[in-house]
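Peer 1: after the sequence you'll find the predicted model.
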Amino acid sequence: MKSGNLIYLDYAATAPVDARVQAKMLPFFGLDFGNPSSVHQFGQAAEAALEDARERIAGWLNCTPEEILFTSCGSESDNLAIRGLAFAQLRSAQANHLLISPVEHHAVSRTAEQLARNYDFELEYLPVDRFGRVSPDEVRRRLRPETALVSVIFANNEIGTINPISEIGEVCREAGVYFHTDAVQAGAHLSLDTRELNVDLMSLGAHKFYGPKGVGALFVRKGTAIIPQQTGGSQEYGLRAGTQNVPLIVGMAEALEIAQHERAQAVEKLTELRNQLVKGVLATIPGAALTGHPEFRLSNHASFVFSGVDGNALLMALDLAGFACSSGSACKTGNPEPSEVLLALGLEPDLATSSLRVTLGRWTEQEHILSFLQTLPEIIHRQRQNAVVIQ
């Protein structure tokens, strides 16, 4: 996507809403405005749209509609999954051991840290390899009778690495331990079949796959007990109170259907562009290194570190040059501290502050990649020269 002279290369942060999604949502802001909890015809029409969206999403997740809960975003889905399941397991089985990876989105890691800090849960971090991947064998070795849950991110937002979720889920299922995955980054790029993935809970956020911001979903496998974190009405099977945002939920269902239906063609196109980008950066910039797995990574995701470069200064220079990129998680941009994800890979703190994330999307074209590859080496060169002068 190009807006004026600015080229957008930050699709992992958010994606523009597809025009087809906008069209599907529009009636529910106007004529079809009813509250789905109302018993009159306005409410019944809204409820029908809500349940149709639930069924459509369930179809792509290969689950029942009753296993889909609507939330306000991926972060809320993560919070409800981790906190709701942890408290339920503590109450029913006195299980207080939380097992997560050190490369989780903060919606998972900070929730788990709060549980450990304030509610006496024991938090353990799984080791990852130098690409940020979790080994199913490491999960098996660390499971305990008192393990309440395991949470491992499906595809990492900062480095693009894809974890072996199905295999980890199989390990957890054999041990009778609940397994959650944050699949927020996966929605437009990977299969979300919950049966094949062997997950008990899975989080999604619509704006990562060309849907609206402010809406998400949580898959909760039938029989998985969670304690509600937002109480009030009986919406979402009593597990998430509050009037549902019907226009956004309708948009999410449409966006997911489009993304999954067109996924094969999109992955093929984006993989080719991503590989061209990675090859060009590594070939033209000395001291550049790819972060994340070179093979098991999102088709649209390229991430790097550059010796002798400040990541935030690089972002600002790229923005002035007409390119919108990120230094990792959009939730961390501007933070001068080194990324916890990159530190977990074994990178030194100075190198971990030099990260650049370039993520492609539905409207990225080859001319955008070529333009970026022509611009980035000169910016890196200038930044390194300036750093030498300052020293």
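Peer 2: Structure's in. What do you need?

Peer 1: next, the nearest residue to residue 306 once chain neighbours are set aside: phi, psi?
Peer 2: For residue 306, ignoring the flanking residues on the chain, the nearest one in space by Cβ to Cβ, 6 or more residues apart in numbering is residue 354 at 4.9 Å. From N, CA and C alone the C-beta is placed, and that goes for glycine too. Residue 354 adopts backbone torsions of phi -110, psi 20, taken as degrees, to the nearest 10.

Peer 1: which ones are touching residue 354?
Peer 2: Residues in contact with residue 354 (Cβ atoms under 8 Å, 6 or more residues apart in numbering) are 305-311, 314.

Peer 1: since we're on the closest residue in space to residue 284 that isn't next to it in sequence, how many residues are nearby?
Peer 2: Computed as Cβ to Cβ, 6+ apart, the closest residue to residue 284 that is not its neighbour in sequence is residue 377, at 4.8 Å. For residue 377, the neighbour count with other Cβ atoms under 10 Å is 16.

Peer 1: separation between residue 377 and residue 351?
Peer 2: 19 Å (Cβ to Cβ, to the nearest Å).

Peer 1: what bridges to residue 220?
Peer 2: residue 201 (DSSP bridges).

Peer 1: that one touches residue 67, doesn't it?
Peer 2: Yes - the pair residue 220 and residue 67 passes the contact test of Cβ atoms under 8 Å, sitting 5.8 Å apart.

Peer 1: looking only at neighbour counts, state which of those two leads.
Peer 2: residue 220 (26 against 23).

Peer 1: contacting residues for that one?
Peer 2: 67, 69, 81, 200-201, 226, 239.

Peer 1: for residue 305, see how far away the residue nearest to residue 306 is.
Peer 2: Taking Cβ to Cβ, one finds residue 354 at 5 Å from residue 305.

Peer 1: show me where this structure dips below the pLDDT cut-off.
Peer 2: Low-confidence segments of the chain, defined by pLDDT under 70: 1-4, 328-336, 388-391.

Peer 1: give me the contacts around the longest helix along it.
Peer 2: The longest helix of the chain (DSSP state H) is helix 366-390. By Cβ under 8 Å, 6+ apart, the residues outside helix 366-390 that reach it are 2, 7, 9, 273, 276-277, 280-281, 284-285, 288, 306, 308-310, 313-314, 317-318, 321-323, 358, 360.

Peer 1: next one: stretch 119-130
Peer 2: Contacts for stretch 119-130 (Cβ under 8 Å, 6+ apart): 86-87, 90, 96-103, 112-113, 115-116, 134-135, 138-139, 142, 148, 152, 344-346.

Peer 1: now do the same end-to-end measure for it.
Peer 2: 32 Å (Cα to Cα, to the nearest Å).

Peer 1: run the chain-centre distance for that stretch.
Peer 2: 19 Å (Cα atoms, centre = their mean, to the nearest Å).

Peer 1: and it, which residues are buried?
Peer 2: Of all the residues in stretch 119-130, those buried under the rule 16 or more other Cβ atoms under 10 Å are 121, 123, 125-126, 128.

Peer 1: again, but for stretch 188-207
Peer 2: 188-190, 192, 194, 197-207.
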